[in-house]
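Visitor: structure of the sequence below:
(chains A and B)
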Amino acid sequence: MKIVMAVIKPFKLEEVRDALTAIGVHGLTVTEVKGYGRQKGHTEIYRGAEYAVSFLPKIKIEVAVADALLERTIEAIIAAAKTGQIGDGKIFVTSLEHALRIRTGEADDAAL
Amino acid sequence: MSFHRPARLGSAALIATLAAIGCTHAAFAADAPVPNKGDTAWMLVSTLLVLMMSVPGLALFYGGLVRAKNMLSILTQVFAIVAMVGIIWTLYGYSLAFTDGGSLTNYVGGFSKALLAGVDANSTVGTFSNGVVIPEYAYLVFQMTFAMITPALIVGAFAERMKFSAAMLFVFLWVSIIYFPLAHWVWYVASPDDIAAAAKAVAAATDGAAKAAAQAKLDDLTGSVGWLAGAGALDFAGGTVVHINAGIAGLVGALMIGKRVGYGREIMAPHSLTMTMIGASLLWVGWFGFNAGSNLEANGGAALAFVNTMVATAGAAFSWLMVEWMAKGKPSLLGICSGAVAGLVAVTPAAGFCGPIGALVLGLLVSPLCLFFVSTVKNALGYDDALDVFGVHCIGGIFGALMTGLLVNPALGGAGLTDYTNITGNNAGTYDLVTQMIAQGKAVIATLLWSGIGSAILYKFVDLVVGLRVPVDAEREGLDITDHGERAYNM
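Guide: I've put the predicted structure just below:
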């Protein structure tokens, strides 16, 4: 099992969700985050105070998938989240040791 | 605001003027004037408007500008100041500001009306028109709201790092020692109707002894005046007493308490400009009570002050928007709101004296000036006046006070100078630019020195007694949690 973590542009969330649902991934956790990579920030001016703001709002999604679904999950996210502009985001994959459904006690692949 | 129409109160001029009035006030001494219901209603409504300027107007205007972790500290400080000053005003503030102080009467009143002694529902005070009075209760509660908002303005300067206890102790001392005397200097005059009656008595006295006695009484009355009012300084609704006063007290406080931790390095963006705009809008609406209510009657004079308050503010708001667009590249909401407030501040001393076009020019000019101070000057000098109390209120107030001296000229559409014991016509011929500007300058400098130095002493005292500033950890965590045990937003 793997956890796929993707940091994407906020307006892409619905598209990514739809793409994942289409390939059979039915659960997802979403966090609002700030971040930057190569995308430049902007300047905010409040009367006499000028701030160079480099952190930009992003969305982080985390989804646990069975190994068999990993390739298609990554492809789906990339296809949905990509705009071709700097700041599209990144995907990170980590190993997942155990997964459990709280309500029923199902474990590992049955829990995903 | 009291009958602070300009007053060269030289009794010779007074008597000459009254002789010219002739029989107009023959019935004076016989019938005590009774308040007009329209005037009374207007004064009570104006009072509501000015209270609304403090809560929630100013509270939200300032609150939106600070970080979320300090929102409640602003709201609480403003609300608590309003409540505390309401008590103080009732106990002794009204008396110290608006009664005769005996030998000290040019500088401060006395305690004759402490606990509002002697004031009842039938008591009246005079207005700018001879023979027109309003209930004293209406007048004193109107003035109370001015005493409430003035110290509340100051908190913006030391926002986000001043201890609540220090703020409250400071304000208690400041209104008592700085504000009440200053209000007395600018706005206290003996009742114009009493003066008119006394002058008539002098003119009517037949023999030497009676004349001397009547003259002595007249001299007592004309001498019973705050020294700045007596010097002819024009301040319709409180440019000096409220704005320059609070502005310089704010600057001194900001300097003495020091900069916020991280100032200049960390981002301290306003947490809700939406709230700030709500506050600015409430301030604009409420300010009609502040300025037009200072006319003390519901008549053409009030309407003039009303129009000026509208036009100057519109001009100043638009001006800031445009200038900022050109100078910084984008027209901002904070800019237009700040412009509106700057215009309101500048028109405060001028509201009943200038004409609408003068008010427009005033508004258009004050914004670039204040914008310059809140950005270029403040950044160059590096002081942390967190919410620009000095840059907007003090600078705007000084500009307004000086421009009042210019714009009152009838040749520029102004109302001209009027001897308040004879409001039947303008004494346009008595206006002299140099004389008037000197009087305005005196008021500005007196306010800056009195409030600046006085506030410095009080801040030092409060620092020694309770300490001005919260510890660094508390400042980092936010005053809402550390001083008030609450969060503004639980989402």
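Visitor: ok, and what's touching the longest helix along chain A?
Guide: In chain A, assigned by DSSP state H, the helix with the most residues is helix A:70-81. Contacts with helix A:70-81, where a contact means Cβ atoms under 8 Å, 6 or more residues apart in numbering or on different chains, come from A:2, A:4, A:6, A:8-9, A:12, A:15-16, A:18-20, A:22-23, A:25, A:61, A:63, A:65, A:88-89, A:91, A:93. Using the backbone N, CA and C atoms, a C-beta is placed for each residue, glycine as well.
Visitor: low pLDDT regions in the stretch 1-150 of chain B?
Guide: Scanning the stretch 1-150 of chain B for pLDDT under 70 picks out the ranges B:1-31.
Visitor: okay, now the closest residue to chain B within chain A: neighbour count?
Guide: Closest contact between chain A and chain B, by Cβ to the nearest Cβ, is at residue A:48 (3.7 Å). Residue A:48 has 18 neighbouring residues, counting by other Cβ atoms under 10 Å in any protein chain shown.
Visitor: next: the one 4 residues further on.
Guide: Burial of residue A:52, expressed as a neighbour count using other Cβ under 10 Å, amounts to 10.
Visitor: burial count for the nearest residue to residue B:355 once chain neighbours are set aside?
Guide: What sits nearest to residue B:355 in space, not counting adjacent residues and going by Cβ to Cβ, 6 or more residues apart in numbering or on different chains, is residue B:413, at 2.7 Å. Per other Cβ under 10 Å, the neighbour tally for residue B:413 reads 15.
Visitor: quick one, phi/psi of residue B:413?
Guide: With angles defined as degrees, to the nearest 10, residue B:413 sits at phi 90, psi 10.
Visitor: verify the contact between residue B:308 and residue B:349 for me.
Guide: No: the pair residue B:308 / residue B:349 is not scored as a contact, 10.8 Å apart, by Cβ atoms under 8 Å.
Visitor: grab the nearest non-local neighbour of the residue of chain B found nearest chain A.
Guide: As assessed by Cβ to the nearest Cβ, chain A sits closest to residue B:375 within chain B, at 3.7 Å. Closest residue to residue B:375 apart from its sequence neighbours, by Cβ to Cβ, 6+ apart: residue A:48 at 3.7 Å.
Visitor: contact partners for the one you found?
Guide: B:374, B:375, B:376, B:378, B:379, B:388, B:391.
Visitor: correct me if wrong: the residue of chain B closest to chain A contacts residue B:323.
Guide: No: contact criterion Cβ under 8 Å: residue B:375 and residue B:323 do not qualify, at 10.7 Å.
Visitor: the residue nearest to residue B:355: what's it in contact with?
Guide: Contacts of residue B:413 (Cβ under 8 Å, 6+ apart): B:354, B:355, B:356, B:357, B:358, B:407.
Visitor: the second one: neighbour count?
Guide: Neighbouring residues of residue B:355 were enumerated by other Cβ under 10 Å; the total is 21.
Visitor: that older thread, buried subset of the contacts of helix A:70-81?
Guide: Among the contacts of helix A:70-81, those buried by neighbour count (16 or more other Cβ atoms under 10 Å in any protein chain shown) are A:2, A:4, A:6, A:8-9, A:12, A:15-16, A:19-20, A:25, A:61, A:63, A:65, A:88-89.
Visitor: returning to what we had before: who's more crowded, residue B:308 and residue B:349?
Guide: residue B:349 (38 against 29).
Visitor: got the phi and psi for residue A:45?
Guide: Torsion angles, degrees, to the nearest 10, at residue A:45: phi -120, psi 120.
Visitor: for chain A, which residues are neighbours of chain B?
Guide: Contacts of chain A with chain B, taken as Cβ under 8 Å from any Cβ of the partner chain, map to A:44, A:45, A:46, A:47, A:48, A:49, A:51, A:53.
Visitor: okay, those residues in TSV with secondary structure next?
Guide: Shown next, in TSV, are those (DSSP: H, G, I helix; E, B strand; the rest coil):
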residue	secondary structure
A:44	strand
A:45	strand
A:46	strand
A:47	coil
A:48	coil
A:49	strand
A:51	strand
A:53	strand
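Visitor: closest one of those to residue B:49?
Guide: residue A:47 (26.4 Å; Cβ to Cβ).
Visitor: model confidence for the closest one, exactly?
Guide: Per-residue pLDDT puts residue A:47 at 94.
Visitor: what's the answer for the one 10 residues further on, then?
Guide: Per-residue confidence at residue A:57 stands at 94 (pLDDT).
Visitor: tell me the SS of it?
Guide: Residue A:57 - assigned by three-state DSSP - is strand.
Visitor: who does it bridge with?
Guide: Bridge pairing for residue A:57 (DSSP bridges) gives the partners residue A:34.
Visitor: count of neighbours near it?
Guide: Neighbour count of residue A:57, defined by other Cβ under 10 Å: 10.
Visitor: is it true that residue A:61 touches residue A:8?
Guide: Yes: at 6.8 Å, residue A:61 counts as touching residue A:8 under the criterion of Cβ under 8 Å.
Visitor: any chance of the contacts of residue A:48 in a markdown table, plus secondary structure and distance to residue B:249?
Guide: Listed next are the contacts of residue A:48 as a markdown table, based on DSSP: H, G, I helix; E, B strand; the rest coil; distance: Cβ to Cβ, whole Å:
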| residue | secondary structure | distance to residue B:249 |
| --- | --- | --- |
| B:374 | helix | 17 |
| B:375 | helix | 22 |
| B:376 | helix | 23 |
| B:378 | helix | 17 |
| B:379 | helix | 22 |
| B:388 | coil | 14 |
| B:391 | helix | 14 |
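Visitor: just the buried ones from the residues you listed?
Guide: B:374, B:375, B:378, B:388, B:391.
Visitor: show me which of those residues is closest to residue B:288.
Guide: Of those, the one sitting nearest to residue B:288 (Cβ to Cβ) turns out to be residue B:388, at 23.2 Å.
Visitor: so of the buried ones among the contacts of helix A:70-81, which ones are in helices?
Guide: Short answer: those in helices (DSSP H) are A:15, A:16, A:19, A:20.
Visitor: check those and tell me the two furthest apart.
Guide: Pairwise distances across these (Cβ to Cβ) peak at 9.8 Å, for the pair A:15 and A:20.
Visitor: enumerate every residue touching residue B:145.
Guide: Residue B:145 neighbours (Cβ under 8 Å, 6+ apart): B:47, B:50, B:51, B:53, B:54.
Visitor: and residue B:264, by the same measure?
Guide: residue B:382.
Visitor: that one: what secondary structure?
Guide: Going by three-state DSSP: residue B:264 is coil.
Visitor: residues near residue B:491, how many?
Guide: For residue B:491, using other Cβ under 10 Å, the count is 4.
Visitor: and the gap between it and residue B:56?
Guide: Using Cβ to Cβ, to the nearest Å, we find residue B:491 at a distance of 21 Å from residue B:56.
Visitor: wouldn't residue B:113 be in contact with residue B:91 here?
Guide: No: using Cβ under 8 Å, residue B:113 is not in contact with residue B:91; the gap is 10.5 Å.
Visitor: any residues in contact with both of residue A:61 and residue A:8?
Guide: Here residue A:61 and residue A:8 have A:16, A:77 as joint contacts, going by Cβ under 8 Å, 6+ apart.
Visitor: what's the burial count for residue 46?
Guide: All of this is about chain A. 19.
Visitor: wait, chain B was what I had in mind.
Guide: Neighbours around residue B:46, by other Cβ under 10 Å: 25.
Visitor: residues in contact with it?
Guide: Counted by Cβ under 8 Å, 6+ apart, residue B:46 has contacts B:142, B:288, B:289, B:290, B:292, B:293.
Visitor: identify each buried residue in the strand or helix carrying it, please.
Guide: If you go by DSSP states H and E, residue B:46 is part of helix B:37-52. Buried positions in helix B:37-52, judged by neighbour count with 16+ other Cβ under 10 Å: B:39, B:40, B:42, B:43, B:44, B:46, B:47, B:49, B:50, B:51, B:52.
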